[in-house]
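>>> Sharing a model that was predicted from the sequence below.
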Amino acid sequence: MPFRSLVRACGAYLPQRVMTNDELAARLDTSNDWIVQRTGIRQRHIAADGETTSDLATVAAERALASIGMTGADLDLIVLATATPDHTFPATAAKVQARLGMRRGAAFDVQAVCTGFIYALSVADNAIRTGQAKRALVIGAETFSRILDWNDRGTCVLFGDGAGALVLEAVPDEGGSAARGVLSTHLHSDGTGYELLYVDGGPSTSGVAGHVRMEGHEIFRHAVQRLAEVVDEALTANRLKADAVDWLVPHQANRRIIDAMGKRLGLPPEKVVITIDRHANTSAASVPLALAEASADGRIRAGQLVLMEAMGGGLTWGAALVRW
Ligand code: ACO
């Protein structure tokens, strides 16, 4: 029998320390007004000294599992999306696996920067659909604060740290878009955009972690175009129109990109989940953090149609449609 991936639970974790725009403006040539007007960001969370991506990921995962009375022993797959792993290797997922007490199955990382969570969800969903896994944990976790050039006002004001996790479980696939579960995922990349958004370090180039470098304006232009295409692709694949979407849960990179997508889909602003004002861009963590928030406060409910999209370094972009 074919399977489908049902979203059973969400969890989130944000580091305690909050950094406001005014704090940044006190030591950089920027202002709260510029950051709010151009991006929608008002503050971001920053990991404490010694607090690593696996620490954030483990708490988000534990919260998701605890909410449905599960432990790591109930899982047979962890896919963790991050561009800021604890170490070059092993995978951060392996550390999380050990800390959750999971001793079987597989755990590995996926790297697609800000699109990482959509990629990880797609990998886990495919494993469930093919019967390779029954219960999967999908995590997006980042400590981007560690790879920012804190003197570059064009990038350091944009990012924050955090983690979000989803538990997926195999259920019989009843077919069609009305049945609950992941309906489809859509992944794209175009490596000719590699240098538009990258980190100027890495084990094979400089041997140090490096810092984020971004052609913000070019990325913005690509994001609006590519996200529109992939959202259309996801709806068309499921023979759905935009008015069927209950919630748009976009990657939180820039409020203006999010508003443009909502408008293009004809969705009223109250159907778009926004966290960028409080979290900034947490890269692979932004979509699961937004999902966790909107399901915990009762906005996203069972049976509703959730559209996720993201765009990031690579360039990478993707979308997922989920009947919650
Ligand atoms: N404070 C004040 N001024 C600033 C700041 C700042 N923090 N940053 C840039 N500026 C200045 C620039 O120097 C420039 O000044 P100039 O006109 O004198 O040269 C001016 O503001 C305009 O700069 P732009 O880069 O053209 O501003 P823009 O409106 O494009 O906003 C931003 C910049 C916010 C970075 C935007 O381009 C953006 O959000 N891009 C997309 C980012 C994104 O989507 N990333 C995707 C994923 S991230 C990932 O995968 C890791």
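Here it is on my side, so go on.
>>> List the buried residues for the longest helix anywhere in the chain?
Scanning the chain for the longest helix, with DSSP state H as the assignment, gives helix 216-237. Neighbour-count burial for helix 216-237, with 16 or more other Cβ atoms under 10 Å as criterion, is recorded at 216, 219, 220, 222, 223, 224, 226, 227, 230, 231, 234, 235. For the C-beta atoms, the positions are set from N, CA and C on the backbone; glycine is no exception.
>>> Let me know the secondary structure of whatever residue of the stretch 51-200 of the chain ends up closest to the ligand.
Shortest the stretch 51-200 of the chain-to-the ligand distance, computed as Cβ to the nearest ligand atom: residue-wise this is residue 114, at 3.2 Å. Using DSSP: H, G, I helix; E, B strand; the rest coil, the three-state assignment for residue 114 comes out as helix.
>>> which residues does it contact?
251, 253, 281, 283, 284, 286, 310, 311, 312, 313, 316 (Cβ atoms under 8 Å, 6 or more residues apart in numbering).
>>> how about a cut-off of 10 Å?
Counting by Cβ atoms under 10 Å, 6 or more residues apart in numbering, residue 114 makes contact with 81, 83, 140, 142, 144, 159, 197, 219, 223, 251-253, 281-287, 310-317.
>>> Output the set of residues of the stretch 51-200 of the chain in proximity to the ligand.
113, 114, 153, 154, 157, 197 (Cβ under 6 Å from any ligand atom).
>>> where's the nearest residue to the last one once chain neighbours are set aside relative to the ligand, distance?
What that stands for is residue 197. Nearest residue to residue 197, sequence neighbours excluded (Cβ to Cβ, 6 or more residues apart in numbering): residue 313, at 4.1 Å. For residue 313, the distance to the ligand equals 4 Å [Cβ to the nearest ligand atom, to the nearest Å].
>>> Check whether residue 313 really touches residue 222, as I assumed.
No. The criterion here is Cβ atoms under 10 Å, and residue 313 misses it with residue 222 at 11.0 Å.
>>> list the residues that contact both of those two?
Common contacts of residue 313 and residue 222 (Cβ under 10 Å, 6+ apart): 193, 196, 197.
>>> low-confidence ranges in the stretch 51-200 of the chain?
Residues of the stretch 51-200 of the chain meeting the criterion pLDDT under 70: none.
>>> And the strands in it?
Secondary structure of the stretch 51-200 of the chain by DSSP state E, counting those that start in this stretch: the strands cover 77-81, 106-110, 135-143, 161-172, 181-189, 197-199.
>>> could I get those strands as JSON lines with mean neighbour count?
As requested, the strands of the stretch 51-200 of the chain are arranged in JSON lines below (neighbours: other Cβ atoms under 10 Å):
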{"stretch": "strand 77-81", "mean neighbour count": "29"}
{"stretch": "strand 106-110", "mean neighbour count": "21"}
{"stretch": "strand 135-143", "mean neighbour count": "31"}
{"stretch": "strand 161-172", "mean neighbour count": "26"}
{"stretch": "strand 181-189", "mean neighbour count": "20"}
{"stretch": "strand 197-199", "mean neighbour count": "20"}
